[in-house]
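# Curious how this folds, go ahead:
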Amino acid sequence: MIRTRLVDAVRLEDVIQIVRRTVKEQDFYLSVADLEGQLGIDESGRRRTALADAALEALVPRVLDDFATRFGHVEGGTLAVVAMGKAGSREMMSGSDLDLMFIYDHPETSTTSTGAREIPASQWFVRAVQACIAAITAPGAEGPMYMLDMRLRPSGNKGPLAVSLRSFRRYHEQDAWTWERMALTRARVVAGPPAFRQEVTQAIEAALRHAGAPEQVRVDARDMRRRMLRDLPPQGPWDVKLRPGGLVEIEFIAQTLQLIHAHQPWFRRAPTTRTALAHLARHRIIPLQDARTLVNTERAWRAIQNILRLTVGRMQTEPLPELTAAHLLDAAAAAGLRANDIPDLLHRMDAAAHQVRALFERYLRPLTE
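Next up is the predicted model:
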């Protein structure tokens, strides 16, 4: 749809407007479908993510072409966009940010751009990425296309906006933290020339194999969760992401176990949490029943979080509006967590969270150690 609408667009400003309007339009339709129960949370996540992928695939090349008209090209240079977080795992919900990382490469002989204005190659890519960010977040009558989160790039907010493939490899061989490699388990290359996309994917897989000793991975993941509980406490019982036994703890289990077994011949990384858990169960890393418990609860948490974002936003109010309560009960039931009313739903959520916490401590060690 996006590419069809861009056929006659020439100016970058028009391209940005068309892509932004299409994203907002389709996001609205998906939100209505979510509220009316027409889409399961898994399908909703796939469609929202496919929309973001299409927007990036259409927009980034146009931005780079426009940038090149002003600053020339880096001969042999190339750029890839890596989706992380919920965008990487194809689990985007209403209001999800885009967690992105930009990786580039160029021949060592191409030290500057060619054209009327020569600038160092590394600076060219940083400025090109700044142009991409400006296009994705440009405000309009409908609001920005997406909000971006770049903190998952190497060195986080202290690192450059664009990182070379050589630097990415070196960083993950020598300096990366366990939590950064955990985040990489959900990475997907979503834009860029096909050959370079494959090269970046291979670099990501290699980075996962540098995770370190299994026990140290477990300790690091557990300590990270402990710090989150201290510094980012849950905001009440409806905070299904951060609460004990919440979404984060299920994701930590899937990510940590994938890191631990990334060196195994049978290992195939799965960015989507439920798929990763199914793979781990298939290879008898965790019992099938544990995987089912985690998959079912993870789906329920996403369904609840999505409805809350659609109806009351990120700041939940007490008591919940009547319409929100009705949508919550329907969405939770569709995701497998059936309840008679809101107090019953909260009781069942507590029970599910208790099971998740027990499994978290089984696979990642008790938080009190």
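
# and the residue nearest to residue 44 when sequence neighbours are not counted, what does it touch?
Distances taken as Cβ to Cβ, 6 or more residues apart in numbering place residue 34 nearest to residue 44, at 5.5 Å, with adjacent residues excluded. Any C-beta I mention is one placed from the backbone N, CA and C, and that applies to glycine too. Contact analysis of residue 34 by Cβ atoms under 8 Å, 6 or more residues apart in numbering lists 41, 44, 94, 306, 307, 310, 331.

# State the pLDDT value of residue 34.
Listed pLDDT for residue 34 reads 96.

# Kindly report the same for the one 4 residues further on.
Among the per-residue scores, residue 38 shows a pLDDT of 95.

# Would you mind identifying the next helix or strand past the host helix or strand of the residue nearest to residue 44?
Using DSSP states H and E, the element containing residue 34 is helix 12-35. Remark: after helix 12-35, the chain's next helix or strand is helix 41-71, criterion DSSP H and E.

# Tell me which other helices or strands that following helix touches.
helix 2-5, helix 12-35, strand 78-84, helix 85-88, helix 121-137, strand 188-191, helix 288-311 (3 or more Cβ pairs under 8 Å, 6 or more residues apart in numbering; DSSP states H and E).

# Could you save the ones you listed as TSV and add columns showing distance to residue 181?
Compiled in TSV, these are given as follows (distance: least, Cβ to Cβ, whole Å):
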stretch	distance to residue 181
helix 2-5	33
helix 12-35	31
strand 78-84	12
helix 85-88	13
helix 121-137	23
strand 188-191	15
helix 288-311	20
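
# Run the chain-centre distance for the helix holding residue 34.
19 Å (Cα atoms, centre = their mean, to the nearest Å).

# what do you get for stretch 282-297?
Its chain's C-alpha centre and that of stretch 282-297 lie 22 Å apart, by Cα atoms, centre = their mean.

# same question, stretch 274-282
For stretch 274-282, the distance to the chain centre is 18 Å (Cα atoms, centre = their mean).

# try stretch 52-66
The answer for stretch 52-66 is 18 Å, by Cα atoms, centre = their mean.

# And it, what's buried?
Neighbour-count burial for stretch 52-66 flags 52, 53, 54, 55, 56, 58, 59, 60, 62, 63, 64, 66 (criterion: 16 or more other Cβ atoms under 10 Å).

# Please apply the same query to stretch 171-189.
171-172, 176, 178-189.

# Pull the most distant pair out of those.
Greatest spatial distance in the buried residues of stretch 171-189: 178 and 189, 22.1 Å, computed using Cβ to Cβ.

# if we can go back for a sec, closest to residue 218 out of the contacts of residue 34?
Distances from residue 218 to the contacts of residue 34, taken by Cβ to Cβ, are shortest for residue 41, at 29.3 Å.

# My read is that the closest one contacts residue 299, right?
Yes: with contacts counted by Cβ atoms under 8 Å, residue 41 reaches residue 299, the gap being 6.0 Å.

# Between those two, which contacts overlap?
residue 335.

# Spatially nearest residue to the residue positioned nearest the centre of the chain (excluding sequence neighbours)?
By Cα atoms, centre = their mean, the mean C-alpha position of the chain lies nearest to residue 85, the distance being 1.8 Å. Nearest non-adjacent residue to residue 85, counting by Cβ to Cβ, 6+ apart: residue 99, 3.5 Å away.

# Am I right that that neighbour is in a strand?
Yes: secondary structure of residue 99 (DSSP: H, G, I helix; E, B strand; the rest coil): part of a strand.

# residues near it, how many?
22 (other Cβ atoms under 10 Å).

# quick one: it and residue 296, what's the gap?
Distance from residue 99 to residue 296, counting by Cβ to Cβ, to the nearest Å: 25 Å.

# quick one: pLDDT of the nearest residue to residue 177 once chain neighbours are set aside?
Nearest residue to residue 177, sequence neighbours excluded (Cβ to Cβ, 6+ apart): residue 220, at 7.3 Å. Per-residue confidence (pLDDT) for residue 220: 95.

# Name the SS class of residue 220, please.
Under three-state DSSP, residue 220 comes out as helix.

# Contacts only, for it.
177, 178, 179 are the contacts of residue 220 under Cβ under 8 Å, 6+ apart.

# Can you name the residues that contact the residue nearest to the centre of the chain?
96, 97, 99, 149, 152, 183, 186.

# Now with 7 Å, please.
99, 152, 186 (Cβ atoms under 7 Å, 6 or more residues apart in numbering).

# Check the gap between it and residue 183 for me.
7 Å.

# Kindly report the same for residue 324.
Distance from residue 324 to residue 183, by Cβ to Cβ: 31 Å.

# that older thread, specify which member of the contacts of residue 220 is nearest to residue 337.
Nearest to residue 337 out of those is residue 179 (Cβ to Cβ; 28.8 Å).

# just to confirm, which helix or strand has that closest one in it?
Residue 179 belongs to helix 178-184, assigned by DSSP H and E.

# pLDDT of that helix, averaged?
95.

# repeat for stretch 309-329
83.

# What residues of that stretch count as buried?
For stretch 309-329, by 16+ other Cβ under 10 Å, it's 309, 310, 311, 316, 320, 324, 325, 327, 328, 329.

# What's the end-to-end length of it?
Length of stretch 309-329, first residue to last, Cα to Cα, to the nearest Å: 15 Å.

# Measure how far that stretch is from the centre of its chain, please.
24 Å.
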